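*Asks:* Mind looking at a prediction? Sequence and model below.
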Amino acid sequence: CHDIDECKSNKPEVNRCGKNCVNTNGSYHCDNRAKIAIIGVSSGLGLLFLLIGTWWLYKLMKKRNERKRKEKFFKRNGGLLLQQQLSSSDGSVEKTKLFSSKELETATDNYNKNRVLGQGGQGTVYKGMLTDGRIVAVKKAKMVDEGNVEQFINEVVILSQINHRNVVRLLGCCLETEVPLLVYEFVSNGTLFQHIHNPNEEFPLSWEMRLRIAAEIAGALFYLHSAASIPIYHRDIKSTNILLDDKYKAKVSDFGTSRSVALDQTHLTTLVQGTFGYLDPEYFQSSQFTDKSDVYSFGVVIVELLTGEKPISSTRSEEGRSLTAYFLQSMKENHLFEILDPRVLKEGRKEELLVVAHLAKRCLHLNGKKRPTMKEVAVELEGIRTSQGGSTIQQNYEEVECITIEMTEAWDTTSTSTKSCFDSGVASSSLDIQPLLLNTS
């Protein structure tokens, strides 16, 4: 009796395993390991391709949904309207750039909290760097009301056309995010509020610097009110909205509540907006905002520069918590020099300080019609700055003495009468407009 090797047979009835046959004593069996391996590898590859296909399909759908979402936000935020205005323009708004959301995410490191420059009622501002190396400020605005989209886009177009050395320039915007993003030039040295109320001991604001800053703000507002192609009312002038660059030059910022007006329009009727302490009482009562409302707010900023005091302070007596009331009462009682900032009092000439104080007082007149225009304010401040010796200061002081203002209470509605020697001379001033317009450098 001997073993027969069935694996050598080619007959199917003897060897059903074919090449996978393994002979054993008295029998044989099939070795299916290779077949199992092939099936396993095939199944694994199939599953891998299925996973890759599913992942690719997911990414494709996600990208498609993201694109649709961006298109939806772009339309809702007025992107089509802006594109239409850009394409129909004669080139005057060609500098307006539509940034992609990815560009600004990269620029701000995905809106890293460490990049936050400031937060306010209008939104959050982040510091960013564009691919070309420019440092910018990216403002994440609050939701835009769909009913005001056209107004928002008009403001973007208008503000992008402003080219003044003392106005923060709008570089462009991004409309494909849930909330619109505005991109401004970056101003490095903080706000005027910080420098007045939290001064740098190594480099505090001198009186000369304060006077120059006041003149620069006035020049910018004059430009916005009357020298720009379309008059613009800022509507929220305050020291926190005045930025200083590395040379301590002033730049007016935060146009979130600003509005443009038709050339023949004298006022805007709106819901009252602004900051308490800077708000024009006449606007608060009537809801009618005029160019003189900006003049009032600027008057408060002048008083801040003179006194170093905050617009609203709980450390002053109750009747003097408002800086405006405190200042006007001190002026009425001839106590001006008692409330001035010590540095201002030390560095400024008496006549010069009186002229600026009386100018602030005129800006704060309860009757808007009795306030000077920003042109008059700008010309007078520039005249004070550029004056040599005391002759021009004395002339301005005499002009101030011509102005009689009868007030009872700072916040009461009173009858007033004003006689001004200033109005007759402003039109022929040699300082008119030229130093205050566009930056041609």
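*Replies:* Here it is on my side, so go on.

*Asks:* Can you mark which positions in stretch 205-219 are buried?
*Replies:* Residues 205, 207, 209-219 are the ones in stretch 205-219 that count as buried (16 or more other C-beta atoms under 10 Å). The way it works is simple: take the backbone N, C-alpha and C, and place the C-beta from them, glycine included.

*Asks:* Leu340: which of those is nearest?
*Replies:* Leu340 lies nearest to Trp207 out of these, by C-beta to C-beta, at 9.6 Å.

*Asks:* residues in contact with that closest one?
*Replies:* By C-beta atoms under 8 Å, 6 or more residues apart in numbering, Trp207 lies in contact with 343-344, 347-348.

*Asks:* tell me the average confidence for stretch 50-67?
*Replies:* The pLDDT scores in stretch 50-67 average 89.

*Asks:* Distance check, Val301 against Ile242.
*Replies:* Plainly put, Val301 is 7 Å away from Ile242 if you go by C-beta to C-beta, to the nearest Å.

*Asks:* Please apply the same query to Phe152.
*Replies:* Computed as C-beta to C-beta, the Phe152 to Ile242 distance reads 24 Å.

*Asks:* Compare the two (neighbour count), which wins?
*Replies:* Higher neighbour count among Phe152 and Ile242: Ile242, with 28 against 20, using other C-beta atoms under 10 Å.

*Asks:* Show me the beta-bridge partners of the more buried one.
*Replies:* When bridges are called by DSSP bridges, Ile242 pairs up with Val252.

*Asks:* ok, it touching Asn189?
*Replies:* No - assessed by C-beta atoms under 8 Å, Ile242 is found out of contact with Asn189, at 11.0 Å.

*Asks:* I'd like to know how many residues surround Arg316.
*Replies:* 16.

*Asks:* excluding its backbone neighbours, what's nearest it?
*Replies:* Once flanking residues are discounted, Arg316 sits nearest to Tyr326: 5.9 Å by C-beta to C-beta, 6 or more residues apart in numbering.

*Asks:* from the buried residues of stretch 205-219, which single one is nearest Arg67?
*Replies:* Closest to Arg67 out of those is Ile217 (44.0 Å), distances taken as C-beta to C-beta.

*Asks:* A strand includes Lys59, no?
*Replies:* No - applying DSSP: H, G, I helix; E, B strand; the rest coil, one finds Lys59 to be helix, outside a strand.

*Asks:* Excluding chain neighbours, give the residue nearest to Glu178 in space.
*Replies:* Nearest-residue entry for Glu178: Phe73, 5.8 Å, with adjacent residues in sequence omitted and distances by C-beta to C-beta, 6+ apart.

*Asks:* Phe193 now?
*Replies:* Excluding the flanking residues, the one nearest Phe193 by C-beta to C-beta, 6+ apart is Ser239, at 3.9 Å.

*Asks:* Look at that neighbour and report its pLDDT.
*Replies:* pLDDT, Ser239: 94.

*Asks:* Helices of the stretch 251-400 of the chain, residue ranges please.
*Replies:* 281-286, 291-307, 323-332, 336-339, 342-347, 350-363, 374-386, 391-401 (DSSP state H, counting those that start in this stretch).

*Asks:* From Ser101, how far out is the spatially most central residue of the chain?
*Replies:* By C-alpha atoms, centre = their mean, the chain has its centre lying nearest to Asp254, at 3.9 Å. Asp254 sits 23 Å away from Ser101 when distances are taken as C-beta to C-beta.

*Asks:* related to what we said a few turns ago, Phe276: which of the contacts of Trp207 is nearest?
*Replies:* Phe276 has its nearest neighbour among these in Val344, at 24.8 Å by C-beta to C-beta.

*Asks:* Am I right that that closest one is in contact with Leu353?
*Replies:* Yes - with contacts counted by C-beta under 8 Å, Val344 reaches Leu353, the gap being 6.9 Å.

*Asks:* Show me whatever sits in contact with both of these two.
*Replies:* Leu306.

*Asks:* Contact partners for Leu104?
*Replies:* By C-beta under 8 Å, 6+ apart, the contact set of Leu104 is 128, 138, 174, 181, 183.

*Asks:* Just flag the most distant two among the residues you listed.
*Replies:* Between all members of the contacts of Leu104, the farthest pair (by C-beta to C-beta) comes out as Gly128 and Cys174, at 11.3 Å.

*Asks:* Find the residues that touch each one of the two.
*Replies:* 104, 183.

*Asks:* Let me see the domain layout of the protein.
*Replies:* As given by automatic domain parsing, the domain ranges for the chain are 80-185, 192-436.

*Asks:* would you list these in a markdown table and tack on distance to Tyr58?
*Replies:* As requested, those are exported to a markdown table (distance: least, C-beta to C-beta, whole Å):
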| stretch | distance to Tyr58 |
| --- | --- |
| domain 80-185 | 20 |
| domain 192-436 | 39 |
